[in-house]
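S.K.: structure here, sequence nowhere to be found:
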């Protein structure tokens, strides 16, 4: 295991293999799926469809690949017909842990395979590294868990200094995190986009114009952290609305973006139902938006959205480590009141507003107050906080100011 970063996600994988006959690990390319599954159980038979010979066999005689159990089949999105062979094998003999599949596409969003393994498989999505996981800080996500605790004390919140622009540029893909500088990292992200366009995208769907698709990617990156206005995006891309909608769906299928849904509180409240677009890897989003250095981002008028995108890297990991009990939303009403993130765990809520500056006032909590009012005690709001660059302190009744520095620690 020399030089390999242990993924916290391995516990999810081990649990799934004990319960279901088929476990499917999806995620964007370079999140570490292959490394994760290879080292979870080295004794498993392993076949990758990146191997041309194995791919040909999967297309011509897929049942032959399902005979060696337990078995890991890597990059199964390359031939969805293989899933039918897995289905047949499971129906003949059902045993937990027999099949471990990986794919660089979210199979639940792929129409042609969405119901192939219904009732037979559990789907896990592996996110990119967050700063805490990359630096292997044990129990580093505990502060998020503590927000739900009844005895939470703001004085116990970490006071670690943060450097979010540096982590924005680095993102969460291991090769980019390991790059020695901004220039080398920029070259890697450029190659990553090209690989996605020329290989993965063509496997998912026929795209007539790769330059058009790449333009949509760049425009979507500039809109990270904001409400997704597809008509506006289509106009700027000079494409039809249906084409733009399809391209966004492909980005989500490829596990590159997420559309966060608004939290539904009181049905009588006029809520904005438009989802918020956010990228699963902040470094890739920054590269697509032309952000090359820390100086590039801090002087941007939309720097606050990029801070939100960077902190999402940690919130995404927190959710992924317990997807059955945790959810992530945002909230916005038609009056313009907004809360950047709503963390949900077992029906309990924590509201988080994100601010870049050191100074936080009561005005910064306006969205949280509107959210509190909308709940009308129908669902427990355990805690509310404005995450900022300043110190921990009570901001007003039932709202705290807490620093975000520990989520993006300085080197």
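M.R.: Thanks, I have the structure now. Keep in mind the model is a prediction, meaning the values are calculated, not measured. Numbering: from 1, shown residues only.
S.K.: let me see the contact set for the most centrally placed residue in the chain.
M.R.: By Cα atoms, centre = their mean, the chain has its centre lying nearest to residue 280, at 3.9 Å. Going by Cβ atoms under 8 Å, 6 or more residues apart in numbering, residue 280 touches 28, 127, 128, 255, 256, 257, 258, 316. Bear in mind the C-beta positions are built from the backbone N, C-alpha and C, glycine included.
S.K.: now do residue 67
M.R.: With contact taken as Cβ under 8 Å, 6+ apart, residue 67 is in contact with residue 89.
S.K.: begin at 12 from now on, thanks
M.R.: Noted, 12 is the first residue going forward, which turns the last one into residue 78.
S.K.: quick check: it vs residue 28, distance?
M.R.: 19 Å (Cβ to Cβ, to the nearest Å).
S.K.: roughly how far apart are residue 323 and residue 420?
M.R.: Distance of residue 323 to residue 420, given as Cβ to Cβ: 16 Å.
S.K.: please enumerate the strands of the stretch 262-411 of the chain.
M.R.: 268-271, 287-290, 337-343, 349-356, 359-365, 392-399, 404-407, 410-414 (DSSP state E, counting those that start in this stretch).
S.K.: what is the burial count for the closest residue to residue 317 other than its chain neighbours?
M.R.: Leaving out its chain neighbours, the residue that sits closest to residue 317 by Cβ to Cβ, 6 or more residues apart in numbering is residue 308, at 5.3 Å. Look at residue 308: counted by other Cβ atoms under 10 Å, it has 22 neighbours.
S.K.: ok so, going back, give me the more crowded residue out of residue 323 and residue 420.
M.R.: Set residue 323 next to residue 420 and count neighbours by other Cβ under 10 Å: residue 323 wins out with 28 against 19.
S.K.: for that one, give me the pLDDT.
M.R.: Per-residue confidence (pLDDT) for residue 323: 98.
S.K.: what sits closest to it if chain neighbours are left out?
M.R.: Residue 323 sits nearest to residue 289 (Cβ to Cβ, 6+ apart), 5.5 Å away.
S.K.: number of nearby residues for residue 304?
M.R.: Residue 304: 14 surrounding residues under other Cβ under 10 Å.
S.K.: look up how far residue 55 lies from it.
M.R.: 43 Å.
S.K.: do the same with residue 399
M.R.: Taken as Cβ to Cβ, the span from residue 399 to residue 55 is 47 Å.
S.K.: these two: which has the busier surroundings?
M.R.: Each of residue 399 and residue 55 has its neighbours counted (other Cβ under 10 Å); residue 399 has more, 22 against 18.
S.K.: let me know whether that one touches residue 411 as I believe.
M.R.: No. Contact criterion Cβ atoms under 8 Å: residue 399 and residue 411 do not qualify, at 10.3 Å.
S.K.: pLDDT score for residue 221?
M.R.: 87.
S.K.: repeat that for the one 3 residues further on.
M.R.: Residue-level confidence at residue 224 comes out at 91, pLDDT.
S.K.: what's the helix or strand for it?
M.R.: Element membership for residue 224 (DSSP states H and E) is helix 221-233.
S.K.: buried residues in that helix?
M.R.: For helix 221-233, burial by neighbour count (16 or more other Cβ atoms under 10 Å) applies to 223, 224, 225, 226, 227, 228, 229, 230, 231, 232, 233.
S.K.: pretty sure the fifth one contacts residue 250?
M.R.: Yes. Between residue 227 and residue 250 there is a contact at 7.1 Å, judged by Cβ under 8 Å.
S.K.: any common contacting residues for those two?
M.R.: Here residue 227 and residue 250 share the contacting residues residue 258, scored by Cβ under 8 Å, 6+ apart.
S.K.: so what's the residue nearest to residue 317 up against?
M.R.: So residue 308 contacts 176, 179, 180, 297, 302, 314, 317 (Cβ under 8 Å, 6+ apart).
S.K.: JSON lines for those, including distance to residue 18 and pLDDT?
M.R.: Conversion of the contacts of residue 308 to JSON lines gives the following (distance: Cβ to Cβ, whole Å; pLDDT from 0 to 100):
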{"residue": "176", "distance to residue 18": "25", "pLDDT": "97"}
{"residue": "179", "distance to residue 18": "22", "pLDDT": "97"}
{"residue": "180", "distance to residue 18": "22", "pLDDT": "97"}
{"residue": "297", "distance to residue 18": "23", "pLDDT": "97"}
{"residue": "302", "distance to residue 18": "27", "pLDDT": "96"}
{"residue": "314", "distance to residue 18": "30", "pLDDT": "95"}
{"residue": "317", "distance to residue 18": "26", "pLDDT": "98"}
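S.K.: sounds good, over and out.
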